[in-house]
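# Need the 3D shape of this:
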Amino acid sequence: MGQGSPRLLSTRLCVSPSGYNRLIMADSAVNSKNSVGASRLKVLGYVVLVIVLLVAALAGGAYLWFRLAVRGAMPQLDGTVKVAGLRAAVTVVRDGHGVPSITAETLDDLFFAQGYVTAQDRLWQMDMMRRYAAGELAAALGSDYVKTDREQRVLGLREVARRSLEQASAEERAQLEDYARGVNAYIAGHQYGLPLEMRVLRYFPRAWTAEDSLLVGASMAEMLNHGTYLDDLNHAEILARLGPELTSDLYVESSQRDIVPGHDMDEVEPEGAEQGVEASGRGFKGSEFQGFKVSEFQGFKVRSKSKDKINDPTLAKGGLVRME
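Next comes the predicted model:
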């Protein structure tokens, strides 16, 4: 080669047997790490999938349970119900708003059916009202209600109800007992169809008693009187700060439907309203309204059920249950 021609350089890689083995071992280690990482990702994917499926199954099960619990607690609106304790068949007709009308052969059966139907619609409310009145909320709802229970027990409404029952006539006690039998007949026949609230809280209501009915009545009297004392105190404070004129705008104490004692009802519902004349936009149009007739009784308008209107569409779309 001349001095000006380029030189070709060649490099030969020589690997000894021990070095070759080291290369193979390093490559195997890398492949092993990759396979372990892939296996871990695969396992993690399976774990995530299982968790998602479990959550979906739990959510579906909870939804199904909730749906069945709500449906199971709904009152039966049509058909026949076999109930032990009735002397004769009782008919319950519900209008389009779900309001029941009960027809029975005797007063005993009437009060029994009233208790049964009321428990159908309001068992949770009934139980909460008697618990509140007697100071027993904490037993079902937790320690947050201990203060409320203590206040109610100081009032002693349970003792008031007990004494009231002792002073009631034999007829009144019998009617209260019939009502309680109806409530308990519903509870006994729907142990797996109780209100949703009771099933969530996992407690079973104890039997209803005649004393419980009087206890709820005493509680309602408390709410109408003692229960408004905070409003009365606020009213007095606002009156002291704002004066009577502004306070009267905030606390309206009159209405166009107020009836002054000694005045005639026609000042509220002028004559002619029941004759089909609409009186100042407040009267009924026509002598009948949704299957009820307007009649006069001691100066008040009483709507009594019309026999010839039993097939009124408003009533027909509600439901009819025969209790035997």
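# Look up how far Phe204 lies from Leu68.
Distance from Leu68 to Phe204, counting by CB to CB, to the nearest Å: 18 Å. Where C-beta positions appear, they are placed from N, C-alpha and C, glycine not excepted.
# so where's the stretch 51-200 of the chain uncertain?
Scanning the stretch 51-200 of the chain for pLDDT under 70 picks out the ranges 65, 69-70, 72-73.
# Show me where the protein has its strands.
79-81, 90-94, 100-103, 288-289, 292-297, 300-305, 319-323 (DSSP state E).
# In the first one, which residues are buried?
What that stands for is strand 79-81. Val81 (16 or more other CB atoms under 10 Å).
# Could you chop the chain up by domain?
Per automatic domain parsing, the domain ranges recorded for the chain read 22-73, 79-260+315-323.
# Let me know which of those domains is tucked in deepest.
With neighbours defined as mean count of other CB atoms under 10 Å, these peak in mean count at domain 79-260+315-323, which reaches a mean of 16.
# what about that one, how long is it end to end?
9 Å (CA to CA, to the nearest Å).
# So Cys127 versus Ala140, what's the distance?
Careful, residue 127 is Asp and not Cys. In terms of CB to CB, Asp127 sits 8 Å off from Ala140.
# Distance check, Ala133 against Arg153.
10 Å.
# Ala88 and Ala104 touch, don't they?
Yes - assessed by CB atoms under 8 Å, Ala88 is found in contact with Ala104 at 7.2 Å.
# residue boundaries of the helices in the chain?
Per DSSP state H, the chain has helices spanning 17-73, 107-134, 138-141, 146-155, 157-167, 170-189, 196-201, 210-224, 229-242, 244-250, 313-316. These are given in chain order.
# Quick one: list the elements packing against the fourth one.
Contact analysis of helix 146-155 by 3 or more CB pairs under 8 Å, 6 or more residues apart in numbering; DSSP states H and E lists helix 107-134, helix 138-141 as its packing neighbours.
# Serialize those helices to JSON lines and add fields for distance to Thr228.
As requested, the helices and strands packed on helix 146-155 are exported to JSON lines (distance: least, CB to CB, whole Å):
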{"stretch": "helix 107-134", "distance to Thr228": "16"}
{"stretch": "helix 138-141", "distance to Thr228": "24"}
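# Please identify which of those is closest to Glu237.
helix 107-134 (27.3 Å; CB to CB).
# how many degrees apart are that closest one and strand 90-94 in direction?
Taking axes from the mean of the first three to the mean of the last three CA atoms, to 10 degrees, one finds helix 107-134 and strand 90-94 inclined to each other by 60 degrees.
# Just the angle for helix 107-134 relative to helix 157-167, thanks.
150 degrees.
# Starting from Phe204, give me the distance back to the residue nearest to Leu137 when sequence neighbours are not counted.
Among residues not flanking Leu137 along the chain, Tyr145 sits closest, at 3.9 Å (CB to CB, 6 or more residues apart in numbering). When distance is defined by CB to CB, Tyr145 is 19 Å away from Phe204.
# same question, Val90
Taking CB to CB, one finds Val90 at 26 Å from Phe204.
# One more: Tyr179?
20 Å.
# what's the answer for Leu137, then?
Leu137 sits 16 Å away from Phe204, going by CB to CB.
# now the helices of the chain in CSV, with distance to Gly79?
CSV is the format used below for these (distance: least, CB to CB, whole Å):
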stretch, distance to Gly79
helix 17-73, 15
helix 107-134, 13
helix 138-141, 32
helix 146-155, 40
helix 157-167, 36
helix 170-189, 14
helix 196-201, 22
helix 210-224, 28
helix 229-242, 46
helix 244-250, 52
helix 313-316, 15
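# Just tell me which of those helices ends up closest to Gly96.
helix 313-316 (4.8 Å).
# so the residue nearest to Leu137 touches Ala138, yeah?
Yes - at 4.4 Å, Tyr145 counts as touching Ala138 under the criterion of CB under 8 Å.
# Need the overlap of contacts for these two.
Taking CB atoms under 8 Å, 6 or more residues apart in numbering as the contact rule, Tyr145 and Ala138 touch no residue in common.
# Relative to Leu53, how far out is Val47?
Relative to Leu53, and taking CB to CB, Val47 is found at 11 Å.
# Kind regards, and thank you for your time.
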